[in-house]
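Novice: Provided below for reference: sequence and predicted model.
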Amino acid sequence: TNAWHARSRNYVSESEVCKLESVPLDFGDYHPLKPITVTESKTKKMNRKGSTSSTSSSSSSSVMDPLSSVLDGTDPLSLFAAAADPVTTTATMDSTRKKRDKDDSSAVGSDFEPWSSKRGEILSRYTTTEKLSINLYMGSEKGKATTTGSAVSEKVRTRLEELDDLEEGSQKELLNLTQQDYMNRIEELNQSLKDAWSSDQKVKALKIVIQCSKLLSDTTVIQFYPSKFVLITDILDTFGKSVTISGLLFFLPDNFSPEIVNDTAKETCLNWFFKIASIRELIPRFYVEAAILKCNKFLSKTGISECLPRLTSMIRGIGDPLVAVYARAYLCRVGMEVAPQLKESLNKNFFDFLLTFKQIHGDTVQNQLVVQCVEIPLYLTLYSPAIDWILQCIAYHAPEVLLTEMMERCKKLGNNALLLNSVMSAFRAEFIAARSMDFIAMIKECDESGFPKHLLFRSLGLNLALADPPENDRLQILNEAWKVITKLKNPQDYINCAEVWVEYTCRHFTKREVNTVLADVIKHMTPDRAFEDAYPQLQSIIQKVITYIYDFSLLFSVEKFLPFLDMFQKESVRVEVCKCIMESFIKHQQESTKDPVILNALLHICKTMHDSVNALTLEDEKRMLAALINGFIKMVSFGRDFEQQLSFYVEARSMFCNLEPVLVQLIHSVNQLAMETRKVMKGNHSRKTAAFVRACVAFCFITIPSLSGIFTRLNLYLHSGQVALANQCLSQADAFFKAAVSLVPEVPKMISVDGKMRPSDAFLLEFLCNFFSTLLVVPDHPEQGVLFLVRGLLNVIQDYTWEDNNDDKVRIYTNVLHLLSAMTQETYIYHVDKVDSNDTLYGGDSKFLAEINKLCETVIAQILDHLKTLGKEETLKRQSQLALYFFNTILAHGDLRNNKLNQLSVNLWNLAQKHGFADTKTMVKTLEYIKRQSKQPGMSHLTDLALRLPLQSRT
């Protein structure tokens with residue numbers, strides 16, 4: 001047998017030896033946090049031809065910068081910079097900067113909302129279920145078989161014939177298309193245009209564009225017109241870009257002069273403009289010319305500034321006011337892209353529109369609406385995208401005087417609600433907010449039948465959410481707006497307005513006004529369950545309220561806040577709202593709270609989130625909900641009223657039993673509560689606090705078994721046992737440790753970690769090492785025998801089925817030897833305050849030590865048996881590693897003055913090297929360590945051991 005003899009340890013003196021040597025530091029010379037002094041290198045150019053340069057280094061400090069010293073004081077980047085001609089470099093930089101500054105003054109900045117951001121909204125808003133028709137160009141076969149030797153005049157005649165072909169109607173009308181079919185056809189045309197252009201069929205491309213432009217004169221399905229405009233202008237944009245690039249504009253700088261353009265490019269441009277001029281119909285002629293407006297830059301400096309007024313005047317020939325206003329919008333859009341500095345044509349377009357505004361109420365338009373069964377309010381909304389865009393272009397960086405003039409002109413027109421709405425949508429929010437009372441007066445004067453007033457108030461509210469009105473007007477503005485909003489009968493109209501004005505109310509008023517507004521919303525949205533069709537708006541209202549009122553004691557004192565939440569009766573929406581509220585609470589609540597109003601309300605909200613969890617809930621969703629509920633639990637504190645705190649945790653456990661992370665958090669919180677009690681009592685519990693601590697321990701003991709994760713349970717048993725021990729609850733601590741021991745056999749071979757299956761051995765090894773560290777200080781139970789917990793754990797480890805290719809069992813046994821060696825010491829390395837460990841209980845009793853040595857013999861026998869089984873060729877490397885591991889254990893914890901143990905260590909050393917698998921570096925370092933240790937007091941016997949440990953060469 002291999003009897004174990006643990007060496008006696010003096011932990012205090014060992015600790016002193018292992019301490020780092022303290023060195024006195026003079027802070028005057030050096031400090032690691034002091035800023036580094038950089039050596040500055042000045043490089044002077046000697047002459048133009050020579051490549052040498054003289055370098056003088058001047059340092060602001062005597063401390064040398066290590067990087068500079070390597071470079072001999074010269075910085076390679078500085079040398080490169082010096083090699084460049086400074087005059088040229090400066091001139092280039094100046095010209096670039098001037099050019100950029102000039103561009104910035106004329107170009108459109110990022111604060112201008114581009115057309116592309118409006119496309120999606122228009123296409124989704126202006127839809128139809130009626131059937132649409134489209135004229136498609138069918139393509140002529142004439143002229144395609146011309147030989148390469150054809151004369152130029154023949155080619156020209158063919159192209160003219162093709163254009164005439166188009167005029168004579170070589171096209172096909174497709175009828176009864178759905179909206180989606182129509183959009184698909186337009187997309188096909190766009191693709192045909194690209195294909196025609198890429199295959200150099202320029203005339204065909206022009207035909208497609210003309211054909212598409214003609215569609216913009218068709219208003220047979222009038223409510224679809226804004227979407228049709230978006231689709232067709234996409235094609236025009238494609239054409240415009242193609243022509244511009246083909247004119248070499250792409251390769252010229254932004255601010256080029258027409259003089260540097262070659263004659264071929266100019267001729268190409270003129271050719272395009274002449275072709276377009278030959279188009280007979282006004283609308284296609286206007287749109288196609290506007291699409292290639294940028295090409296005017298080739299011909300003369302004033303080309304665009306002369307062309308814009310002419311195109312603006314051309315629009316006067318379009319009779320239909322809707323078609324005309326979208327033509328103006330397109331011209332303004334192109335104008336802003338190519339010449340944003342030319343504001344005059346933008347203003348002219350708007351004033352021309354104002355002159356023709358009365359046409360909207362003329363007989364022609366009214367008759368058309370009767371035929372199509374379209375009401376005036378719906379018809380007027382069709383104008384909004386175009387007018388909004390024109391006004392946005394005008395208002396961009398416009399002076400106050402111009403905006404005021406625009407406003408005055410709108411005032412003079414009758415039935416001006418449509419314009420007023422667009423002004424409020426397009427002008428700067430600060431401009432609108434400053435004149436809020438003027439706008440309210442204008443809204444009051446508007447005719448209700450044309451454009452609904454609630455939409456005007458909504459537009460005003462959107463501005464007031466972005467900018468503040470004068471302080472004296474704020475309450476009057478709210479009263480005037482809410483008078484109109486509260487009278488709205490249609491719940492959808494009402495909620496669309498209320499949603500906007502809630503933000504204004506929260507921003508400028510107290511909880512009383514917010515409460516009144518919420519009460520009004522509940523009153524309007526509850527009848528006939530109208531709230532079911534308005535969840536997005538109601539969610540938006542909640543979001544705005546918690547954005548501005550993030551003091552939760554104030555928020556929950558708003559009487560109608562919780563009744564407002566009751567309107568969210570669709571579970572998915574209700575949970576989303578609850579998540580928003582909890583996120584806001586966790587973000588803004590700085591201090592822990594015990595306010596009963598907050599606690600009751602948030603418990604209700606957390607319960608709602610918890611109850612939404614079912615078998616189909618995703619793990620990510622569960623994690624998110626648990627994190628929010630845990631955030632709330634951590635913020636609850638009743639101060640020194642620990643009993644109230646424990647009652648809260650008990651209530652929370654009953655409410656959140658389906659979310660495992662929440663139960664884990666509650667166990668940790670209760671353990672923390674027990675430790676806080678111990679801290680308050682300074683470890684000396686009274687009868688009352690001792691009973692309270694036992695109640696905390698009982699809470700944990702009955703909660704842990706309900707968890708599903710096996711390592712979660714094991715670690716919580718261990719943690720809670722340590723807390724029980726610290727609070728002198730010895731029998732309870734024993735119960736936790738016994739539970740942990742009995743749970744070890746249930747550990748499966750594979751466990752899920754982050755969604756992937758992993759072997760559990762490494763996790764079990766880590767847990768058992770922690771467990772052994774705790775078992776050192778756990779006193780034996782008077783009725784259970786010596787080391788009953790250690791024996792129980794060893795039996796479990798013995799019976800556990802370990803993988804054949806795994807040595808963790810032996811590693812665990814070696815760690816048990818560490819534990820048993822520590823248990824034989826007169827005084828243990830650490831203790832739990834006010835708990836007598838076995839060193840005190842047994843006082844180094846010989847029977848106790850004999851029991852420990854018996855256990856050690858059994859463990860050593862198990863280790864050596866395992867080492868023997870690894871003697872096969874395929875496991876020799878593992879045998880070598882384990883032999884060295886066991887050798888190190890004997891070296892650290894064994895008394896090597898014992899001959900048998902000494903011989904065992906020499907055998908293990910030789911076994912580690914026997915088959916050439918040992919790491920030579922590790923062996924050398926180990927031997928050096930033994931030689932160093934032999935010089936320590938009482939360790940001279942290690943000198944002889946070192947002589948008996950040969951180092952085998954690997955050759």
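Specialist: Arrived safely, thanks for sending.

Novice: Count the neighbours of Glu306 for me.
Specialist: Residues near Glu306, counting by other C-beta atoms under 10 Å, number 11. Where you see a C-beta, it was placed from the backbone N, CA and C, and this is true even at glycine.

Novice: go on, the one 3 residues further on?
Specialist: In terms of burial, Pro309 registers 14 neighbours under the definition other C-beta under 10 Å.

Novice: The one 4 residues further on too?
Specialist: Residue crowding around Ser313 was assessed by other C-beta under 10 Å; the count is 11.

Novice: where's it, which helix or strand?
Specialist: Ser313 belongs to helix 303-314 when assigned by DSSP states H and E.

Novice: go on, Ala883?
Specialist: Element membership of Ala883, judged by DSSP H and E, is helix 876-893.

Novice: now Tyr813
Specialist: Per DSSP H and E, Tyr813 falls inside helix 808-823.

Novice: cool, Ala481 as well?
Specialist: Assigned by DSSP H and E, Ala481 belongs to helix 474-485.

Novice: Quick one: distance of that helix to the chain centre.
Specialist: Between the centre of helix 474-485 and the centre of its chain there are 38 Å (C-alpha atoms, centre = their mean, to the nearest Å).

Novice: Counting by contacts, list what the following helix or strand past it packs against.
Specialist: Using DSSP H and E, the helix or strand that follows helix 474-485 in sequence is helix 491-508. Under the contact criterion of 3 or more C-beta pairs under 8 Å, 6 or more residues apart in numbering; DSSP states H and E, helix 491-508 touches helix 453-466, helix 474-485, helix 511-525, helix 535-548.

Novice: buried set for the helix holding Ser313?
Specialist: By 16 or more other C-beta atoms under 10 Å, the buried positions in helix 303-314 come out as 303-304, 307-308, 311-312, 314.

Novice: What of stretch 905-914?
Specialist: 905-906, 908-909, 911-913.

Novice: Just the ones of the residues you listed in strands?
Specialist: Of those, none are assigned to strands by DSSP state E.

Novice: pLDDT score assigned to Thr233?
Specialist: pLDDT, the model's per-residue confidence, is 87 for Thr233.

Novice: Quick check: it touching Tyr330?
Specialist: Yes. Using C-beta atoms under 8 Å, Thr233 is in contact with Tyr330, at 5.9 Å.

Novice: Now tabulate the buried residues of stretch 905-914 in TSV and tack on distance to Gln672.
Specialist: Output for the buried residues of stretch 905-914, formatted as TSV (distance: C-beta to C-beta, whole Å):
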residue	distance to Gln672
Ser905	46
Val906	51
Leu908	45
Trp909	48
Leu911	49
Ala912	46
Gln913	51
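
Novice: Of those, which is the nearest to Phe568?
Specialist: Ala912 (69.3 Å; C-beta to C-beta).

Novice: Which residues are in contact with the closest one?
Specialist: 880-881, 883-884, 887, 918, 923 (C-beta atoms under 8 Å, 6 or more residues apart in numbering).

Novice: which one of those residues sits closest to Leu478?
Specialist: Within the contacts of Ala912, the smallest distance to Leu478 is 78.8 Å, found for Gln881 (C-beta to C-beta).

Novice: Give me the buried positions along the host helix or strand of Pro563.
Specialist: In this structure, Pro563 sits in helix 561-565 according to DSSP H and E. Using 16+ other C-beta under 10 Å as the test for burial, helix 561-565 gives 561, 564-565.

Novice: where in the chain is pLDDT low?
Specialist: The chain contains residues with pLDDT under 70 at 1, 25-109, 135-176, 244-263, 265, 296-303, 414-415, 448-450, 953-955.

Novice: Run a quick neighbour tally on the residue lying closest to Ser880 once chain neighbours are set aside.
Specialist: Nearest non-adjacent residue to Ser880, counting by C-beta to C-beta, 6 or more residues apart in numbering: Phe917, 3.9 Å away. Counted by other C-beta under 10 Å, the residues lying close to Phe917 total 16.

Novice: In contact with Phe917, which residues are there?
Specialist: Contacts of Phe917 (C-beta under 8 Å, 6+ apart): 876-877, 879-881.

Novice: Now do the helices for the stretch 601-750 of the chain: every range, in order, please.
Specialist: 619-634, 642-655, 660-680, 687-703, 710-726, 730-743 (DSSP state H, counting those that start in this stretch).

Novice: if you compare the ones you listed, which one is most tucked away?
Specialist: Stretch with highest mean neighbour count among those: helix 710-726 (a mean of 22; mean count of other C-beta atoms under 10 Å).

Novice: Residues touching that one, excluding its own?
Specialist: Helix 710-726 is contacted by residues 660, 664, 667-668, 671, 674-675, 678, 696-697, 700-701, 704-705, 707, 730, 732-733, 736-737, 739-740, 743-744, 746-748, 751, 760, 763, 767, 770-771, 774, 777-778, 832-833, 835 when judged by C-beta under 8 Å, 6+ apart.

Novice: mind redoing it with 7 Å?
Specialist: Helix 710-726 is contacted from outside by 664, 667, 671, 674-675, 678, 697, 700, 704, 707, 732-733, 736-737, 739-740, 743, 746-747, 763, 767, 770-771, 774, 778, 832, 835, using C-beta atoms under 7 Å, 6 or more residues apart in numbering.

Novice: Could you do stretch 505-512 as well?
Specialist: So stretch 505-512 is contacted by 474, 478, 513-514, 517, 544-545, 548-549, 554, 557-558 (C-beta under 7 Å, 6+ apart).

Novice: Filter those down to the buried ones and hand me the ChimeraX line.
Specialist: Remark: buried members of the contacts of stretch 505-512, expressed as a ChimeraX selection using 16+ other C-beta under 10 Å:
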select :474,478,513,514,517,544,545,549,558
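
Novice: As JSON lines, the contacts of stretch 505-512 with distance to Asp218 would be great.
Specialist: Converted to JSON lines, the contacts of stretch 505-512 look like this (distance: C-beta to C-beta, whole Å):
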{"residue": "Arg474", "distance to Asp218": "48"}
{"residue": "Leu478", "distance to Asp218": "46"}
{"residue": "Glu513", "distance to Asp218": "51"}
{"residue": "Val514", "distance to Asp218": "50"}
{"residue": "Val517", "distance to Asp218": "46"}
{"residue": "Lys544", "distance to Asp218": "43"}
{"residue": "Val545", "distance to Asp218": "47"}
{"residue": "Tyr548", "distance to Asp218": "49"}
{"residue": "Ile549", "distance to Asp218": "52"}
{"residue": "Leu554", "distance to Asp218": "58"}
{"residue": "Ser557", "distance to Asp218": "60"}
{"residue": "Val558", "distance to Asp218": "54"}
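
Novice: And the contacts of stretch 505-512, which two are furthest apart?
Specialist: Within the contacts of stretch 505-512, two members stand farthest from each other by C-beta to C-beta: Arg474 and Ser557, at 22.6 Å.

Novice: For the chain, just list every one of the strands.
Specialist: Counting by DSSP E, the chain has strands at residues 40-45, 53-58, 132-137, 171-177, 750-753, 756-759.

Novice: Distance from the helix holding Tyr813 to the middle of the chain?
Specialist: That offset, for helix 808-823, works out to 47 Å (C-alpha atoms, centre = their mean).
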